[in-house]
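Student: Pasted the sequence and its predicted model underneath.
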Amino acid sequence: MTNQQQLQHLYWRAGFGPRPQDIAANPSPRKALRQLLHDAATYQPLEGPRIQAAEMQAMTPAPTPDLRQDPQAPALKKGELTPEQRKEQNRQIREAFYTMNTGWLERMASSPAQLREKLTFFWHGHFACRVRRPDAALQLNNTIRRLALGKFGDLLLAVSKEPAMLQFLNNQQNRKQHPNENFAREVMELFTIGRGHYSEQDVKEAARAFTGWSYDAQSQFVFRERQHDAGSKTFLGRTGNFGGEDILRIILEQPQTAEFITTKLYRFFVNDTPNPAHIQPLAKAFFQSNYDISGLVERLFTADWFYDAANVGTRIKSPIELLAGIKRTLGVELQDKKPLIVFQKAMGQTLFEPPNVAGWAGGRSWIDSSTLLFRLQLPQVLLKNAEISIALKEDENDLDPQQTRADRTFRQQVQAKAKLAPLGLLLAKTPEAQQPAALSQFLLQAPIRPENLTLVEQVAQKAPADGRLRTMVTSLLSLPEYQLM
Amino acid sequence: MPTSRRDFLKTSVLASSLLFVPKFLHALDAQGVQQLRNSNGKRLVVVQLGGGNDGLNMVVPFRNDLYYKARPTLGLKEQSGLLTLDKDLAFNPHMTQLKALYDQGLVGVLNSVGYPNPDRSHFRSMDIWQSGSASDQYVATGWLGRYLDSNCPACQVPYNGLEVDDTLSLAMKGELRKGLALKNPEKFHQVTQNRFLNKVSGEKAGGSGSELDYLYKTLAETASSADYLYQTSKVYKSAIVYPNTEFGKNLKTTAELINSGIESRVFYVSLTGFDTHVRQQEQQGKLLGDLSGGLGAFVEDLQKSGQLNDTLILVFSEFGRRVTQNASNGTDHGTANNVLLLGGGLRQKGILNDAPDLANLDQGDLKYQLDFRSVYATVLRDWLGADDQAILGHEFARLAGLV
């Protein structure tokens, strides 16, 4: 594997793809990784939109007194909003989420802190959470971003105290008299140790320990002592008057937790099929380092097997990786950002809207007839302003299920600009006849099929000189090969 | 510079990449159909009512004082034109065609269908109904997708399951097989077809089971399915008048696909807008009119072509509404709900179980008396002849002698 191929692999996995200038500089993968780690050191929060104060007021007080109410609905005081106000509130919430979504996507495409954003994206799917309040969702997102490369224990504790997560997993309903086990169960099953390593009794005892973990109207964590069960609990073989922090600490004392998290990271960064021979040493070191995430990913990206052919160009890009990757590699900018949301929904992955607490399934589940056809048409839409027509399903975020089909239908040309000049520079020294091949080596992580290369060469020959590069790029991005990284 | 649609289709690399779909994959559709013919020939049409349909104002307990007490202005009175059924229940006045079908013995009504620890979020509850999971379980495949997985492992054709829409629901996504979403055969064909297609490469796929092969295989199946569905559906055009609604059009497309001999076992159609927190009577009435009119025409269409006896229609929503009306003359998110079954193959008809017990509520919400997965198990085993336990991952009591 050439240095260029290794570099590209690193930029795709540790970030959202290479830019032409990253490849032109041609550093060694080790040097590139050092730079990625260095650039990821700074944390800058994602900024949120402002929602009108009156509308926010309508969404507080956060912990609803009516425990039977839709846990995802805002805590509206019944009858306080007219239908028009309700509609306006839905619109504002929707707009807020859209602004956060496209703001993050933009950052994935342009931030030097590629590794931090990539890990934030990983944890976003790991600590999957879907709430109606944009401010709570953003706060959780920034907490994850801040701790994405630190100690996993700090991240876990902070996420567990986030109002968004406590609400999503019903911990505001977890009280001494009426425990709600949802939060305790998911913390173990999905966030830390995995199924089969705890009993139903452990879930019950952990739930008792988390009683009283709640939040106030200002979206701050609150420990409500009167709701807390201070009695003795027996959890994973240990007995004591445990609180929530103790439960998390005991979970982290299990080497299985390190293995569970390492496996999930491996599947995200390396290969969807876990290889125990690769994972076990990583997990051991992760455990011994007191769960140092930064150290773990550095070890992973410097392993010999990371650059094995079996791990290069063999992962199906998630819709976000596909979109952010096109934007980053080609500097694509949309005049109106809204279509970026439509694209995400059409392909099945919308930031801030995971399907459930288990996150996105990934891999082949991204691909069905509709999503594949959409993916293959997307480059035409972004680079050649081709029209695309698609009706989305009803709004899936409980934001506004009453949207009409017309409102859900997208049919327009997208006004987008791409910066292809850096790509032109990258190809400047390559003879024209070899440019399609050189370009395919930069844009595709899976080797191009020979007949596809022939087709791209034919298309390039027919294109007028000033549109050749754009035509070649569009052709290559429209191939099934481009769906892989 | 913007290009015209015509230019787009001419230069579309999407179509060009179809060039490289190996020829042998195109022969798969014939093979797949052969496999399907060995089945019992029954098909299922699922109609999803999105937004949480209020079952109590669809199948109205009009002789129950508790109903009117909970809904002083929202409750539907007998004199408003309720369409009386059996057991002191009546259809909403807008459901005239469904009432006619009921009188013909083509309808079964199930009351209080739900699941333990119900979730009142639209998205999560729909996730549960579509995946067929328990409320504390997270399953990334759909119950109909897993049916496609299990039913015909040798079949390659994605049109085993068809959803009439632009995107595919979770319900239709299996581990290995996924249904196919199409708004109509013409539009679908148009996206995949152009003049380059005739020059399809004879190159064989690697067959290594790699992700790249999977992408090419999906592309090949999509292309050949689009072609097959378009060619086949051309032969039959419905002569029945459908309501001029989105839902009516989608059911017409479904009927045309069925009546032209498409061998799909499962069809999926949605009608949305049932989230009636305010002014419910007006909104829900219109939607139930759309449902009734659409299904009326659909059943007539299938009856005429002799397909109704082999067709079972299942109508569901992600949850019902609360029993008590809210201050805006609507209802908030609730729990158990009605499921309707329609078709010529129903062996039991009419009201199939007890009416909702309004005297015995769970903090103001209906208690479920029937798990929705029992309905799925019955449909899978007794109608489609599939292994319900393997598909649902658990044994659920089936409704004896229903289909």
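Tutor: Looks like it came in fine.
Student: How about the single longest helix found in chain A, which residues are buried there?
Tutor: Using DSSP state H, we find that the single longest helix of chain A is helix A:83-110. Applying a neighbour-count criterion of 16 or more other Cβ atoms under 10 Å in any protein chain shown, one finds A:86, A:88-90, A:92-94, A:96-110 buried in helix A:83-110. Backbone N, C-alpha and C define where each C-beta goes, glycine included.
Student: Now for the spatially closest residue to B:Trp143 that is not a sequence neighbour: which residues touch it?
Tutor: Nearest residue to B:Trp143 in three dimensions, chain neighbours excluded: B:Gly132, at 3.5 Å (Cβ to Cβ, 6 or more residues apart in numbering or on different chains). For B:Gly132, the contact set (Cβ atoms under 8 Å, 6 or more residues apart in numbering or on different chains) comprises B:139, B:142-143, B:146, B:372-373, B:376, B:391-392.
Student: change it to 10 Å
Tutor: By Cβ atoms under 10 Å, 6 or more residues apart in numbering or on different chains, B:Gly132 lies in contact with B:115, B:139, B:141-147, B:171, B:372-373, B:376-377, B:380, B:391-394, B:396.
Student: and these, which are buried?
Tutor: B:115, B:139, B:141-147, B:171, B:372-373, B:376-377, B:380, B:391-392, B:396.
Student: Tell me how many other residues surround residue 123.
Tutor: By default, I'm working from chain A. 24 (other Cβ atoms under 10 Å in any protein chain shown).
Student: oops, chain B please
Tutor: Counted with other Cβ under 10 Å, B:Phe123 comes out at 21.
Student: what's the answer for A:Ala437, then?
Tutor: Residue crowding around A:Ala437 was assessed by other Cβ under 10 Å; the count is 13.
Student: The host helix or strand of it vs chain B: in contact?
Tutor: Per DSSP states H and E, A:Ala437 falls inside helix A:435-443. No. Helix A:435-443 lies out of reach of chain B by Cβ under 10 Å from any Cβ of the partner chain, never closer than 12.7 Å.
Student: which parts of the stretch 201-350 of chain A sit against chain B?
Tutor: A:272, A:310, A:313-316, A:345-348.
Student: Let me know the pLDDT of the residue most central in space within chain A.
Tutor: Note on chain A: the residue nearest the mean C-alpha position is A:Phe121, at 3.1 Å, using Cα atoms, centre = their mean. Predicted confidence (pLDDT) for A:Phe121: 98.
Student: Can you classify it by secondary structure?
Tutor: Following DSSP: H, G, I helix; E, B strand; the rest coil, we place A:Phe121 in the helix state.
Student: show me where pLDDT drops low in the stretch 1-150 of chain B?
Tutor: B:1-39 (pLDDT under 70).
Student: Which stretches in it count as strands?
Tutor: B:43-50, B:59-60, B:83-84, B:90-91, B:107-114 (DSSP state E, counting those that start in this stretch).
Student: For chain A, which of the ones you listed is the nearest?
Tutor: strand B:43-50 (5.2 Å; Cβ to the nearest Cβ).
Student: In terms of secondary structure, what does the closest one contact?
Tutor: Judged by 3 or more Cβ pairs under 10 Å, 6 or more residues apart in numbering or on different chains; DSSP states H and E, strand B:43-50 is in contact with helix B:122-131, helix B:143-151, strand B:161-163, helix B:246-259, strand B:266-272, helix B:280-304, strand B:311-317, strand B:337-343.
Student: Among those, show me which one is buried the most.
Tutor: strand B:161-163 (a mean of 28; mean count of other Cβ atoms under 10 Å in any protein chain shown).
Student: from the chain's centre, how far out does the helix or strand containing A:Ser389 sit?
Tutor: Taking DSSP H and E as the criterion, A:Ser389 maps to strand A:387-391. With Cα atoms, centre = their mean, to the nearest Å as the basis, strand A:387-391 stands 25 Å off its chain's centre.
Student: Then stretch B:157-168?
Tutor: 11 Å.
Student: Low-confidence stretches in chain A?
Tutor: Along chain A, segments meeting pLDDT under 70 span A:50-80, A:395-402.
Student: make it 80
Tutor: Filtered on pLDDT under 80, chain A yields the residue ranges A:49-87, A:394-412.
Student: coming back round to it: report all helices and strands that the longest helix of chain A contacts.
Tutor: Helices and strands touching helix A:83-110, as assessed by 3+ Cβ pairs under 10 Å, 6+ apart, comprise helix A:53-59, helix A:114-126, helix A:134-147, helix A:319-330, strand A:333-334, helix A:338-347.
Student: export the second one as PDB, just CAs?
Tutor: Pointing back at helix A:114-126 there. This file holds the C-alpha atoms of helix A:114-126, laid out as PDB (Å, rounded to 0.1, in the frame of the first residue of the first chain):
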ATOM      1  CA  GLN A 114     -11.100  16.200  12.800                       C
ATOM      2  CA  LEU A 115     -10.300  13.500  15.400                       C
ATOM      3  CA  ARG A 116     -12.300  15.300  18.100                       C
ATOM      4  CA  GLU A 117     -15.300  15.700  15.800                       C
ATOM      5  CA  LYS A 118     -15.100  12.100  14.600                       C
ATOM      6  CA  LEU A 119     -15.000  10.800  18.200                       C
ATOM      7  CA  THR A 120     -17.900  13.200  19.100                       C
ATOM      8  CA  PHE A 121     -19.800  11.600  16.200                       C
ATOM      9  CA  PHE A 122     -18.900   8.100  17.500                       C
ATOM     10  CA  TRP A 123     -20.100   8.900  21.000                       C
ATOM     11  CA  HIS A 124     -23.200  10.600  19.600                       C
ATOM     12  CA  GLY A 125     -24.200   7.200  18.300                       C
ATOM     13  CA  HIS A 126     -23.000   5.400  21.400                       C
END
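Student: follow-up on the earlier one: can you give the contact residues for the strand holding A:Ser389?
Tutor: Against strand A:387-391 from outside (Cβ under 10 Å, 6+ apart): A:339, A:342-343, A:345-346, A:370, A:373-374, A:377-378, A:380-382, A:405-414, B:2-5, B:8, B:165-167, B:183, B:187, B:191, B:246.
Student: Now, those that are in helices?
Tutor: A:339, A:342-343, A:345-346, A:370, A:373-374, A:377-378, A:380-382, A:405-408, B:5, B:8, B:187, B:191, B:246.
Student: What residues does the stretch 251-400 of chain B have near chain A?
Tutor: Counting by Cβ under 10 Å from any Cβ, the stretch 251-400 of chain B sits next to chain A at B:270, B:272-279, B:283, B:319, B:322, B:326-328, B:330, B:332-335, B:362-365.
Student: are any of these buried, and which?
Tutor: B:270, B:272-278, B:283, B:319, B:322, B:326, B:328, B:330, B:332-335, B:365.
Student: Just the ones of those residues in strands?
Tutor: If you go by DSSP state E, those have B:270, B:272 in strands.
Student: what residues are up against B:Tyr138?
Tutor: So B:Tyr138 contacts A:128, A:186, A:189-190, A:355-359, A:361, B:124, B:127-128, B:131 (Cβ under 10 Å, 6+ apart).
Student: now, which of the residues you listed lie within helices?
Tutor: Going by DSSP H, the helices hold A:186, B:124, B:127-128, B:131 from these.
Student: export those to JSON lines and tack on distance to A:Ile250?
Tutor: Output for the ones in helices among the contacts of B:Tyr138, formatted as JSON lines (distance: Cβ to Cβ, whole Å):
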{"residue": "A:Glu186", "distance to A:Ile250": "17"}
{"residue": "B:Arg124", "distance to A:Ile250": "29"}
{"residue": "B:Asp127", "distance to A:Ile250": "31"}
{"residue": "B:Ile128", "distance to A:Ile250": "31"}
{"residue": "B:Ser131", "distance to A:Ile250": "32"}
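Student: Without its sequence neighbours, what residue ends up closest to residue 135?
Tutor: This is for chain A. A:Asp135 sits nearest to A:Ser219 (Cβ to Cβ, 6+ apart), 6.1 Å away.
Student: nope, chain B
Tutor: Nearest residue to B:Ser135, sequence neighbours excluded (Cβ to Cβ, 6+ apart): B:Asn117, at 4.5 Å.
Student: can you tell me how far the most centrally placed residue in chain B sits from B:Pro185?
Tutor: Geometric centre of chain B, nearest residue: B:Val46, 2.3 Å, by Cα atoms, centre = their mean. Distance from B:Val46 to B:Pro185, counting by Cβ to Cβ, to the nearest Å: 20 Å.
Student: Perfect, that will be all.
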